[in-house]
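Trainee: sequence plus the predicted model coming up.
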Amino acid sequence: MFVPDSLTSTLTSYYDAVPYDSHPFPQTAMEHLEALAFLFGLDAPAPGTARVLELGCAAGGNLIPFAARHPEAQALGVDLSTVQVAQGVAAIGHAGLSNIELKAFDISGIDASFGQFDYIVCHGVYSWVPGPVQDAILRVCSENLAPNGVAYVSYNVYPGWKAREIVRDAMILRGGARDTPDEKLSYARGMLEFLEQSARADSVLAKTLEETMPIVRGANSSYLLHEFLEPCNAPCYFKEFVARAEDRGLAYLCDAEPSTMFVQNYGDKVRGPLLRECGGSQILMEQYLDFLVNRTFRQTLLVKQASAGNIRYRLDPARIRKLEFAGTFAVEGGGAPTLYAHEQPCQAIRGLKVTLRVPAQKAVAQLLDASYPASMSANALIAGVAQLTNQPVAEVDALVMAMLEELLILGALRIRRTPVPVAAAVSGLPQALPALRVAPGLSPAAGATASSCNQWHEPVGLTLLERALLPLLDGTRSHQALAEHLAAEVRSERLRFIKDDKPLTDPSTVQAFAQQQVALALDNLRRKAMLTA
């Protein structure tokens, strides 16, 4: 049996007292990691039958949705906190999942007996544990990773964290010795307010506080306690992390947000000098870029060193053609792009600005926006653009492929290797995943709004009405049946319809309103990627 040291015991107690928010992180989704590996030249295992390990799984909020989407996969999560693991085990039982297990276990105790995993995810752990545990994370990512597997590790980095360490040290000075988490945070906030009011306007401290205080004011208590007041927080430079990984037989693959890797996204003034300076080294390039943008956080994908020779950072059009794409494009002022208008500035996902110039580009944006959140293949987009623009497929092929590559580099598309099983339209018998229909967060006790995980592995908020419908979406009920259910809930006073600040009571009015609300709620659930194809 593995015997924890005193610091590990301290961390265990801290995690029990201050639980991490346990929810899905889209950048860690196995489908996303598979697509990124493919984009850069590797063929990772299919998530649908993969064996997955999450290090620091908390209550399973990131791992349980994966297991629900892929009943043929096997998932294992480990975490120091017995409290959070117990919460996750209860959620797994409630969802009726048999392909996932959570264990209260120290990462340092994982050995060969655990077997190999196609994907290993370690989000929000590496920088927040002692050095020996950091080494154990990389050891597990090496020794327990399947030959073609992918490991994801996130961590705080310099130079951005150099300034934040001043803030952390100040918070710990006043709040670290207090008894309860709430006291620690209250006293730490007070310290920052004092410094903000008292620091000289031209000082390094004032500049640091100017950059950090919006984060401190906007973040929830759990984040602040773990990021700034936890016993461990050890940032490093990106090159240092890669060197440690290489010592363990691992190679850098890419970042979980690949748009950060492409130097053309930083302007011509940066692009030319860095391309000359870095001599084709992606690692050196990214270290320079970290200095340029004062980066604070990284999400790194690692593979076995035996795979390193197959990694390609120059995008291959043949591989791009085999991907699935999804995205949204809203013209400034509202509405979808129109084919033969002048140049049209659009807002894409992540708030990115994209300017559409030729009809083929506008057609791509139209098609993707209309089908979102369902994905489309490159070939389907090419055929659709040819039809919309009344041009031969051969003529639009190159235009569409060039646009997809540009949007990929910019970060304005979501990608997958296989179609995302999201409904492109609301069917007559709408359906959601079984595990989503029985999630504990759907109960009225969850409050006015609750969060669930969609088919893109994103947390999405659900209204009371959407939560009332979701358990019924098993593919057997028509829209009329759903409306009748809501009307019955109103008659039994378990649900109320309010219009013009007054509750509806007339049966015919309630029935008509229920039908209207069902249509609206189902459309919203589809756009939130909660309905399956």
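Mentor: Yes, it's here.

Trainee: number of nearby residues for Leu33?
Mentor: 28 (other C-beta atoms under 10 Å). Any C-beta I mention is one placed from the backbone N, CA and C, and that applies to glycine too.

Trainee: typed the wrong thing, it's His342
Mentor: The tally of other residues near His342 (other C-beta under 10 Å) stands at 7.

Trainee: what's the answer for Thr418, then?
Mentor: 16.

Trainee: thought Leu323 was touching Leu39?
Mentor: Yes: counting by C-beta atoms under 8 Å, Leu323 touches Leu39, with 7.1 Å between them.

Trainee: overlap in contacts of those two?
Mentor: Ile415 (C-beta atoms under 8 Å, 6 or more residues apart in numbering).

Trainee: so where is the chain shaky, pLDDT-wise?
Mentor: Low-confidence segments of the chain, defined by pLDDT under 70: 1-20, 341, 438-449.

Trainee: longest strand in it, please.
Mentor: strand 145-156 (DSSP state E).

Trainee: give the buried residues for it.
Mentor: By neighbour count with 16 or more other C-beta atoms under 10 Å, strand 145-156 contains the buried residues Leu145, Ala146, Gly149, Val150, Ala151, Tyr152, Val153, Ser154, Tyr155, Asn156.

Trainee: go on, stretch 510-527?
Mentor: Going by neighbour count (16+ other C-beta under 10 Å), the buried part of stretch 510-527 is 510-511, 513-515, 517-518, 521-522, 524-527.

Trainee: in TSV, list those along with secondary structure and distance to Leu195.
Mentor: TSV is the format used below for these (DSSP: H, G, I helix; E, B strand; the rest coil; distance: C-beta to C-beta, whole Å):
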residue	secondary structure	distance to Leu195
Val510	helix	58
Gln511	helix	61
Phe513	helix	54
Ala514	helix	56
Gln515	helix	58
Gln517	helix	51
Val518	helix	54
Ala521	helix	48
Leu522	helix	51
Asn524	helix	44
Leu525	helix	46
Arg526	helix	48
Arg527	helix	44
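
Trainee: pick the one among these closest to Leu404.
Mentor: Leu404 lies nearest to Arg527 out of the buried residues of stretch 510-527, by C-beta to C-beta, at 22.7 Å.

Trainee: ok so, going back, which helices and strands sit right next to the longest strand of the chain?
Mentor: Packed against strand 145-156 by the contact rule (3 or more C-beta pairs under 8 Å, 6 or more residues apart in numbering; DSSP states H and E) you find helix 30-39, strand 117-122, helix 131-143, strand 250-255, strand 297-304.

Trainee: let's go with 7 Å and repeat that
Mentor: When contacts are defined as 3 or more C-beta pairs under 7 Å, 6 or more residues apart in numbering; DSSP states H and E, strand 145-156 sits against helix 30-39, strand 117-122, helix 131-143, strand 297-304.

Trainee: wait, which of those is closest to Gly411?
Mentor: Using C-beta to C-beta, those put helix 30-39 closest to Gly411, at 12.1 Å.

Trainee: measure Leu55 to Gly218 for me?
Mentor: As judged by C-beta to C-beta, to the nearest Å, Leu55 and Gly218 stand 28 Å apart.

Trainee: just Gly41 next, same as before
Mentor: 39 Å.

Trainee: again, but for Gly56
Mentor: The value you get for Gly56 to Gly218, if C-beta to C-beta is used, is 24 Å.

Trainee: neighbour-wise, which of those two wins?
Mentor: A count of neighbours by other C-beta under 10 Å puts Gly56 above the other of Gly56 and Gly218, at 23 against 9.

Trainee: so who does that one touch?
Mentor: The contact partners of Gly56, taken as C-beta atoms under 7 Å, 6 or more residues apart in numbering, are Asp79, Cys122, Gly124, Val125.

Trainee: cool, and Pro337?
Mentor: Contacts of Pro337 by C-beta under 7 Å, 6+ apart are Phe329, Val331, Gln344, Cys346, Leu356, Lys362, Ala365, Gln366.

Trainee: could the residues you listed be laid out in a markdown table, adding secondary structure and neighbour count?
Mentor: Shown next, in a markdown table, are these (DSSP: H, G, I helix; E, B strand; the rest coil; neighbours: other C-beta atoms under 10 Å):
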| residue | secondary structure | neighbour count |
| --- | --- | --- |
| Phe329 | coil | 25 |
| Val331 | strand | 18 |
| Gln344 | strand | 21 |
| Cys346 | strand | 22 |
| Leu356 | strand | 24 |
| Lys362 | helix | 25 |
| Ala365 | helix | 26 |
| Gln366 | helix | 20 |
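
Trainee: show me which of the buried residues of stretch 510-527 is closest to Gln87.
Mentor: Nearest to Gln87 among the buried residues of stretch 510-527: Leu525, at 25.9 Å, using C-beta to C-beta.

Trainee: quick one, what contacts that closest one?
Mentor: Glu466, Leu531.

Trainee: could you do Ala251 as well?
Mentor: Contacts for Ala251 (C-beta under 7 Å, 6+ apart) come out as Leu302, Val303, Gln305, Ser307, Ala308.

Trainee: what of His479?
Mentor: Applying C-beta under 7 Å, 6+ apart, we find His479 in contact with Gly428, Val518, Ala519.

Trainee: of those residues, just say which sits nearest to Glu257.
Mentor: Ala519 (36.1 Å).

Trainee: show residues contacting the helix or strand hosting Gly272.
Mentor: Using DSSP states H and E, Gly272 falls within helix 268-278. By C-beta under 7 Å, 6+ apart, the residues outside helix 268-278 that reach it are Val263, Gln264, Leu284, Met285, Tyr288, Leu292.

Trainee: any idea how far Glu227 is from the fifth one?
Mentor: What that stands for is Tyr288. 26 Å.

Trainee: of the two, who's got more company?
Mentor: The residue with more neighbours, out of Tyr288 and Glu227, is Glu227; 21 against 18, by other C-beta under 10 Å.

Trainee: ok, the residue nearest to the more buried one when sequence neighbours are not counted - contacts?
Mentor: Nearest non-adjacent residue to Glu227, counting by C-beta to C-beta, 6 or more residues apart in numbering: Asn233, 7.0 Å away. Residues near Asn233 by C-beta under 7 Å, 6+ apart: Ser127, Trp128, Asn156, Arg168, Glu227.

Trainee: repeat that for Leu97.
Mentor: Taking C-beta under 7 Å, 6+ apart, we find Leu97 in contact with Ile64, Ala67, Ala68, Ala435.

Trainee: which of the residues you listed tops the neighbour count?
Mentor: Busiest of those [other C-beta under 10 Å] is Ile64, holding 26 neighbours.

Trainee: how much space between it and His70?
Mentor: Using C-beta to C-beta, one gets 11 Å for the distance from Ile64 to His70.

Trainee: repeat that for Glu466.
Mentor: Distance from Glu466 to His70, by C-beta to C-beta: 24 Å.

Trainee: ok, Ile137 next?
Mentor: From Ile137 over to His70 the distance is 24 Å, taken as C-beta to C-beta.

Trainee: more neighbours, the two?
Mentor: Ile137 (25 against 20).

Trainee: I'd guessed the more buried one sits against Leu55; true?
Mentor: Yes: with contact defined as C-beta atoms under 7 Å, Ile137 counts as touching Leu55 (6.1 Å).

Trainee: can you list residues touching both of the two?
Mentor: Common neighbours of Ile137 and Leu55 (C-beta under 7 Å, 6+ apart) are Ile107, Cys122, Val125.

Trainee: dihedrals phi and psi, the nearest residue in space to the last one that is not next to it in sequence?
Mentor: Leaving aside its chain neighbours, Val125 sits nearest to Gly56 (3.7 Å; criterion: C-beta to C-beta, 6+ apart). The phi and psi values for Gly56, taken as degrees, to the nearest 10, are phi 80, psi 60.

Trainee: next one: the one 3 residues further on
Mentor: According to degrees, to the nearest 10, the main-chain angles of Ala59 amount to phi -90, psi 20.

Trainee: equivalent analysis for the one 5 residues further on, please.
Mentor: Main-chain torsions, Ile64, degrees, to the nearest 10: phi -60, psi -40.

Trainee: gap between the closest residue to Tyr126 other than its chain neighbours and Gln287?
Mentor: Distance criterion C-beta to C-beta, 6+ apart; nearest residue to Tyr126, sequence neighbours excluded, is Tyr155 at 4.2 Å. Distance, Tyr155 to Gln287, using C-beta to C-beta: 14 Å.
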